[in-house]
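A.B. asks: how does the following fold in three dimensions:
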Amino acid sequence: MNTPTSPIDVIICTRDRRADLARCLQSIEIQRPLPSRVIVVIGSEDSTLPDMQDRFPLLSIEVVECFEHNISIARNAGLEHAQAEIVLFLDDDAQARPGWVQAYIDAFHAKPKAWAIGGKVFDSRNAPPTIEFSHGLISASGRQIPVWKDGGKAPRNYLANVKGCNFGIRRAAVMEIGGFDPFFAFAFDESDLILSIHGTGGQVLHESGAIVDHAHTPGHYRLADPLDRDWRVEYASHTMFMLKHVSGVHRVFGRLVIRRRLAKLIVLAGWEVIQGRISVHRFAEIFQSANRGIRDACQAYATRREQLCQQVSAVER
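C.D. replies: Prediction:
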């Protein structure tokens, strides 16, 4: 029996999570209609399932290699191989609930001007799963409101955002603005794209019927403990995000947002030292890594601006 497919591709970026990947693919195989293709972007030779196509015969699976520890580069690699007008992103540690594909088909069909649509996310580490993202918002400074009431008026200077483990885009429109910025190896990668879409006048919407359960499996940049993260990359991403999307005098507030976030991290880490759960050395390491990330992003942004000025000068000459 032939199972009908939809004009939608699904991209899954995965690295060393075979069990998670299998559950993720299983959740896609029960979708009706099925996506036309599932592009699995693997981060290592051991990331794929040896019998993947045999285990999931209803799916048309293409494996793409991208061994850099960079989610934006991996997503761009997936986009280069995608062919459908609509592309959905699903993390390898997320499982789509029944009706996920159909919900996105209906949403993009009903809103032809939408460049991106984000679904709802539940945290499956809790029993029962608790809401993690629904109608989320973000400001150009990087402050986020992950759960907002459906239809409620957004606070001033906040825009619709999506969750990286569950969203869809119009491929052609996103490719025209350059896809994902490779600077964002981890954190703020999808939010940077979403703010770029807003900046070009594209619509970003939410779809409550597109639901996934997110397991938060530890990875290269994020381990199980809240303090076991790559803080350099985390703060570099936040700082670059702010510098790209905040301008003029408002950048002073943007810097304050980052410094306030850093202060909260210091308080949290300091309390862990007092409780004897981390060492003073680890405390200093966290603080230094975060500060280094802020400096690295500022230097990278300054380099970008200088290169842009040189390009403009060359054109004018």
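
A.B. asks: now the strands: where do they sit in the stretch 51-200 of the chain?
C.D. replies: For the stretch 51-200 of the chain, the strands defined by DSSP state E, counting those that start in this stretch occupy 61-65, 86-90, 94-96, 114-123, 130-133, 137-139, 144-145, 158-160, 166-170.

A.B. asks: make TSV from those and add distance to Trp271, mean pLDDT and mean neighbour count to it.
C.D. replies: C-beta coordinates here come from the backbone N, C-alpha and C atoms, glycine included. Output for those, formatted as TSV (distance: least, CB to CB, whole Å; pLDDT from 0 to 100; neighbours: other CB atoms under 10 Å):
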stretch	distance to Trp271	mean pLDDT	mean neighbour count
strand 61-65	43	96	16
strand 86-90	35	98	26
strand 94-96	31	98	24
strand 114-123	23	98	24
strand 130-133	24	97	18
strand 137-139	27	97	22
strand 144-145	23	96	14
strand 158-160	30	96	18
strand 166-170	33	98	28
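
A.B. asks: so which of those strands gets nearest Ile211?
C.D. replies: Closest of the strands of the stretch 51-200 of the chain to Ile211 is strand 114-123, at 4.8 Å (criterion: CB to CB).

A.B. asks: where do the helices of the stretch 101-250 of the chain begin and end?
C.D. replies: Under the criterion DSSP state H, counting those that start in this stretch, helices of the stretch 101-250 of the chain are mapped to 171-176, 189-199, 231-245, 250-274.

A.B. asks: winner for burial among those?
C.D. replies: Sort the helices of the stretch 101-250 of the chain by mean neighbour count, taking mean count of other CB atoms under 10 Å, and helix 231-245 sits at the top with a mean of 23.

A.B. asks: picking up where we left off before, turn the strands of the stretch 51-200 of the chain into TSV, including distance to Ile194.
C.D. replies: What follows is the strands of the stretch 51-200 of the chain, written out as TSV (distance: least, CB to CB, whole Å):
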stretch	distance to Ile194
strand 61-65	23
strand 86-90	12
strand 94-96	18
strand 114-123	6
strand 130-133	13
strand 137-139	7
strand 144-145	11
strand 158-160	8
strand 166-170	8
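
A.B. asks: tell me which of those strands lies nearest to Ser289.
C.D. replies: That would be strand 144-145 among the strands of the stretch 51-200 of the chain, by CB to CB, at 21.3 Å.

A.B. asks: now do the closest one: which elements does it pack against?
C.D. replies: Applying 3 or more CB pairs under 8 Å, 6 or more residues apart in numbering; DSSP states H and E, one finds that strand 144-145 contacts strand 137-139.

A.B. asks: strand partners (parallel or antiparallel) of the strand it packs on?
C.D. replies: strand 144-145 (antiparallel), strand 158-160 (antiparallel) (DSSP bridges).

A.B. asks: any chance of the ones you listed in JSON lines, with distance to Phe167 too?
C.D. replies: As requested, the strands paired with strand 137-139 are arranged in JSON lines below (distance: least, CB to CB, whole Å):
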{"stretch": "strand 144-145", "distance to Phe167": "14"}
{"stretch": "strand 158-160", "distance to Phe167": "11"}
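
A.B. asks: out of the ones you listed, the one nearest Leu79 is which?
C.D. replies: strand 158-160 (21.2 Å).

A.B. asks: how much space separates Asn126 from Tyr301?
C.D. replies: From Asn126 over to Tyr301 the distance is 38 Å, taken as CB to CB, to the nearest Å.

A.B. asks: more neighbours, these two?
C.D. replies: Of the pair Asn126 and Tyr301, Tyr301 is the one with more neighbours under other CB atoms under 10 Å, namely 16 against 10.

A.B. asks: assign a three-state SS to the more buried one, would you?
C.D. replies: Three-state assignment for Tyr301 (DSSP: H, G, I helix; E, B strand; the rest coil): helix.

A.B. asks: ok, and the closest non-adjacent residue to it?
C.D. replies: Leu243 (4.4 Å; CB to CB, 6 or more residues apart in numbering).

A.B. asks: tell me the contacts of that neighbour?
C.D. replies: By CB atoms under 8 Å, 6 or more residues apart in numbering, Leu243 lies in contact with Arg251, Gly254, Ala297, Cys298, Tyr301.
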